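S.K.: please work out how this folds:
(chains A and B)
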2 protein chains.
Amino acid sequence: MGDGKGSGGMAAQAGKLGVVASVAINLAALALYLRRRYSDDGVGGGRKREEGDEMAVAPSSGKPPVSPDSVINLDHGDPTMYELFWRGDAGERATIVIPGWQTMSYFSDVGNICWFLEPRFEREVRRLHRLVGNAAAEGYHMLVGTGSTQLFQAAIYALSPPGAAAGAPMSVVSPVPYYSSYPAVTDFLKSDMYRWAGDANTFDGETYIELVCSPNNPDGGIREAVLKSGTGVAVHDLAYYWPQYTPITKAAAHDIMLFTVSKCTGHAGTRIGWALVKDRALAQRMNKFIELNTIGVSKDSQLRAAKILKAISDGYEHAPAAGDRNRLFHFARRHMMARWGALRAAVAASGLFSLPDELPGYCTFAKETVAAYPPFAWLRCHKEGVDDLDGYLRERKIISRGGAKFGADGRFVRISMLDTDEAFAIFVDRLAAMK
Amino acid sequence: MGDGKGSGGMAAQAGKLGVVASVAINLAALALYLRRRYSDDGVGGGRKREEGDEMAVAPSSGKPPVSPDSVINLDHGDPTMYELFWRGDAGERATIVIPGWQTMSYFSDVGNICWFLEPRFEREVRRLHRLVGNAAAEGYHMLVGTGSTQLFQAAIYALSPPGAAAGAPMSVVSPVPYYSSYPAVTDFLKSDMYRWAGDANTFDGETYIELVCSPNNPDGGIREAVLKSGTGVAVHDLAYYWPQYTPITKAAAHDIMLFTVSKCTGHAGTRIGWALVKDRALAQRMNKFIELNTIGVSKDSQLRAAKILKAISDGYEHAPAAGDRNRLFHFARRHMMARWGALRAAVAASGLFSLPDELPGYCTFAKETVAAYPPFAWLRCHKEGVDDLDGYLRERKIISRGGAKFGADGRFVRISMLDTDEAFAIFVDRLAAMK
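M.R.: Take a look at the predicted model:
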C-alpha cells in the first residue's frame, strides 16, 4: 500500500483532501461567525456579554477543543459534526424564542394518551416521516421521551407483565454485537420485571423482548428480528434509519419503533426521542412509565425540537433549490461520505485494520443508489498480539469503546463518526500511521 | 355560621372579595394581553400565527378553561397560578432565545461530576439560595435532574448498596401523611435494590432511607426526620421551602436536599429540579442514575430555568422598588394569602370541614412574621357518614386526591392551591355551599 500517510491511490488522496478542506472551511466559518458576533463591543467569549443579553452565546459543547497532541475521545456518539449546518441559515430559522409565561403547566393536551406531548412537536414528527418516508406513522400512537433511552425503558416496562412471578423476569435480548447501553440500562435497577439475557442468537426461550437496532449500533448492519416465537416481542430502535446514514428502502411499519432527535439532527443536548406504537394499551403503559419516571417530558425541549424539525422539512419543501445548506440530510450525507472515504483510506494505509463492507442500496428519499455511511465505525484489528484494541488505541491517545461492551470480541472497537471535523481529522491521521 | 355563601364575618367577606377581585383582574389582564398580541393581523388564537412566526404563542396549558358548571380538577399540583406574574414585565425579562446551533452536545462541562449540568443554571441556583437564604449551598455538590422526581429516584438508587443480597432491599419510608408519589415511584419497577416500607413512624429497622418533605406534601407541616438510627439516611425534599409558602427560618443544611423549579417559579412543564449533596461519592452515584436513565438532562430546559431564576433574582436585586410585579415571592405570597383566606372563609361557611392550623413564624427573607400558606390544602371532613371525602367531592364535580394515597384516612383529601384563579374561585364557592 505504499509508504504510509497520504498514499493509497487517488481515491484516498481525494478523501484526505476532502477532510482537510472540510476542517479548514469549518474553522474559517467558525472564526468569521465568532468575529461577527463579538465585534460589537470588543468582548471576546461568553460570560460578560450574556448579562442582560437575551441571545445565548455560550459555545455548543462543554468539551475542550482538540489539538494534534490531545487525547481524541470518540467513545461517545456526541453529534457535534452537525454544528456547522446549524450555524448557517437553517440555524437562524431554527432559532426558538420562549416567553417567560409559556409552557408552565405539566399538561400539554389532556385529551391525548400522551398528555405531555406538545401538539406542535407531534405535527412536525409526522410531517418529517412523510417527507423522508422512513416510517409509516399514520395510525400509530406517538409518545415523546427524554431521549429514546427513556422510551426504551418505557417499552421494556410496558412489555413485562405486571405482577410477574418472582424469579421469572422477562428476558431482554439483542443479537451480538448489540448497543452497549442495552444491558446497562436494562439491569441497573435490578428490576424483578425484566432482566438482560444476552445474545438473541443463542437465546432459546419462548418469551422475550428482542431489541432490534437497524441500522445497528455499533456495526451499521441492517437487521431484522432474529427470534420468531409467537410470545416474544420485538422493539425496533430506528435511531439511525435516516438518509444520511443509510438508504431509505421502505417505510418501516413495526409494532414499536423508537427514534431520537440526537442522531437525526445532531441536537443531543435537547434530550428528545419519540416512539410510534401500534397498540393502544401498550402506548398507555409506556406513557405510565414516563409519568412516574419524570412526570412527562420538558415542553421547552419539545418546542425546540419541533422548530428544528420544521426547519429541516421547510428546507426541503420551501427552499429546495438553495443547495445543501438548507438540506440537512444531504449536508450530513456529504459529510459522512467524506469521513468514510478518509477512514477507509487510513485503514488501507495502515494495513492493520478492517471495516464492515459498504452496503449500497437504492434510497427512495435521495432517489438514487447510495452507499451506507454508518454513524459508528466498527473497527477490527488484525495485528498479531493485539487482543484488546481499545487498550491499544488508548495508548495512542484515542478513546474508543471496546468490543466486549457490545458482547463481541476485544479485537473490535466502536469509533464515533459524528464528532467534530478537527477531532476526526486527527484520529484518521493517527490511524493511518499505525503499522 | 349563618346562611351559607358569603356569610361568616368581615374577614370572610374581605377574603371572598379579594378572590373575586383577583379573578376579575386576572381575566382583564389576560384579555388585554391577548388583544394586544393578536391585534396586528386580526388572527385570533394560536395555530395560524405560528407558521413562520418565531414568537411561540400557544397557550401555556393543555387544559380546557373552566366554567361554573365544569368539573374542577385540583388533584394535581399544576402551578398555573403563577402565569399572571410571568405574563408581566418579569416574563419579558425571562424570555429565552435559543439559536439553532446551540446546546447540541450531550456534554455541558466535562470537568464536573455532573457533566450535563449547565454552568449558567448552577450559577443562578446558587445565587437564588444566597438571596432567599433557604439553603446553605456552599460546599455542596450540585446535580440537575428532569424534575426533583428524577433526583428522588437517583437518591434512593445511590443510597441502596450495590450487590445487595436478594430479598433484602433497602427500606424506603416516610412519615404519614406522605407524598402519594413516594410509594408509587419507589416501587413501580420492583427493584431488588430498594422497596417502599411505609410509615416511618411505625418502622423499626436499623437501615432505611427516610424521605422528609418539609413543608410537607400534603399537609404543609414543618418536619424533621423521625428516625434516628446511625445506619439510616434522610433525604430532604424541600420542594416547598420557599417564602411564598412558609417562613424561611434558617438556611437548610442537610446531607441531601432536593428542590424543584415547578414549585418555586411555576414552570412545571420545564421539568427541572436540582439536588445539593454533601458527599462526593454519593453525588457521583446519583449522577450515574441520571446518565443511565436519560443520558443527562435537557440543556434547553436548564438554560430556560437559568433565565427564569435570573429574572427572579434580578427582580429583587436590581429593581426592588418596582413593586410585586418584579418580586416573585411577594407576588405569590399575596396570592396564597388571598386564597387561604378565601378557603378558610368557605370552610367556616360550610361547617363540614377543617384545615390544619395556620403556622406563623418569623421569615428571614421577608423580614417579618408571616403565616404559612401551603401549596396544598389538607382538608378533613367531619360530616357523619362521609368516610370517602374524595368520592363525596367527586359527586359534586371537584376532583381531589384521597387521603389513602398519602397513607392516611379517607376523610382527608389533598386539594391543590396552585391552580388558576378561575378554578379556585369556583371550588371555594362550591365548598362554602356544602352543608
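S.K.: please name every helix or strand in contact with whatever helix or strand residue A:424 lives in.
M.R.: Per DSSP states H and E, residue A:424 falls inside helix A:421-432. In terms of contacts (3 or more C-beta pairs under 8 Å, 6 or more residues apart in numbering or on different chains; DSSP states H and E), helix A:421-432 is packed against helix A:10-38, strand A:72-73, helix A:328-350, strand A:398-399. C-betas here are computed from N, CA, C, even on glycine.
S.K.: got any ranges where chain A has weak pLDDT?
M.R.: Flagging of chain A using pLDDT under 70 yields the residue ranges A:1-62, A:163-167, A:320-322.
S.K.: center of it - which residue?
M.R.: Centroid-nearest residue in chain A: residue A:263, 2.8 Å away (criterion: C-alpha atoms, centre = their mean).
S.K.: now that residue. Nearest residue, chain neighbours left out?
M.R.: Once flanking residues are discounted, residue A:263 sits nearest to residue A:239: 4.8 Å by C-beta to C-beta, 6 or more residues apart in numbering or on different chains.
S.K.: the stretch 151-300 of chain A: strands as residue ranges?
M.R.: In the stretch 151-300 of chain A, the segments counted as strands under DSSP state E, counting those that start in this stretch are A:170-174, A:194-199, A:209-213, A:233-237, A:256-260, A:273-277.
S.K.: the spatially closest residue to residue A:349 that is not a sequence neighbour: neighbour count?
M.R.: Counting by C-beta to C-beta, 6+ apart, residue A:432 is the residue found nearest to residue A:349 once chain neighbours are left out, at 4.1 Å. A count of neighbours around residue A:432, defined by other C-beta atoms under 10 Å in any protein chain shown, yields 24.
S.K.: from chain B, how far out is residue A:432?
M.R.: Per C-beta to the nearest C-beta, to the nearest Å, residue A:432 is found 27 Å from chain B.
S.K.: ok, now residue A:414?
M.R.: To chain B, residue A:414 is 16 Å away according to C-beta to the nearest C-beta.
S.K.: can you verify that residue is assigned to a strand?
M.R.: Yes - secondary structure of residue A:414 (DSSP: H, G, I helix; E, B strand; the rest coil): part of a strand.
S.K.: surely the residue nearest to residue A:263 is in contact with residue A:259?
M.R.: Yes - taking C-beta atoms under 8 Å as the definition, residue A:239 is a contact partner of residue A:259 at 6.5 Å.
S.K.: these two - which one has more neighbours?
M.R.: The neighbour comparison of residue A:239 against residue A:259 (other C-beta under 10 Å) goes to residue A:259, with 29 against 25.
S.K.: about what we covered before: need the contact list for the residue nearest to the centre of chain A.
M.R.: The contact partners of residue A:263, by C-beta atoms under 8 Å, 6 or more residues apart in numbering or on different chains, come to A:77, A:79, A:239, A:240, A:242, A:245, A:375, A:418.
S.K.: switch the cut-off to 10 Å
M.R.: A:77, A:79, A:82, A:148, A:217, A:238-242, A:244-245, A:273, A:375, A:418 (C-beta atoms under 10 Å, 6 or more residues apart in numbering or on different chains).
S.K.: from the residues you listed, which land in helices?
M.R.: Applying DSSP state H to the contacts of residue A:263, the entries found in helices are residue A:148.
S.K.: tell me which element residue A:380 falls in.
M.R.: Counting by DSSP H and E, residue A:380 is part of strand A:376-381.
S.K.: wait, I meant residue A:65
M.R.: Going by DSSP H and E, residue A:65 is not in any helix or strand.
S.K.: quick check: the residue nearest to it when sequence neighbours are not counted vs residue B:379, distance?
M.R.: Leaving out its chain neighbours, the residue that sits closest to residue A:65 by C-beta to C-beta, 6+ apart is residue A:422, at 7.0 Å. For residue A:422, the distance to residue B:379 equals 62 Å [C-beta to C-beta, to the nearest Å].
S.K.: of these two, who's got more company?
M.R.: Per other C-beta under 10 Å, whichever of residue A:422 and residue B:379 has more neighbours is residue B:379, with 24 against 19.
S.K.: give the contact list for the more buried one.
M.R.: Contacts of residue B:379 by C-beta under 10 Å, 6+ apart are B:218-219, B:343, B:347, B:352-356, B:389, B:393, B:400, B:403, B:411-415, B:431.
S.K.: now residue A:77
M.R.: A:217-218, A:239-240, A:262-263, A:268, A:375-376, A:401, A:414-419, B:106.
S.K.: got the phi and psi for it?
M.R.: phi -90, psi 50 (degrees, to the nearest 10).
S.K.: just the buried ones from the contacts of residue A:77?
M.R.: In the contacts of residue A:77, burial by neighbour count holds for A:217-218, A:239-240, A:262-263, A:268, A:375-376, A:401, A:414-419, B:106, counting by 16 or more other C-beta atoms under 10 Å in any protein chain shown.
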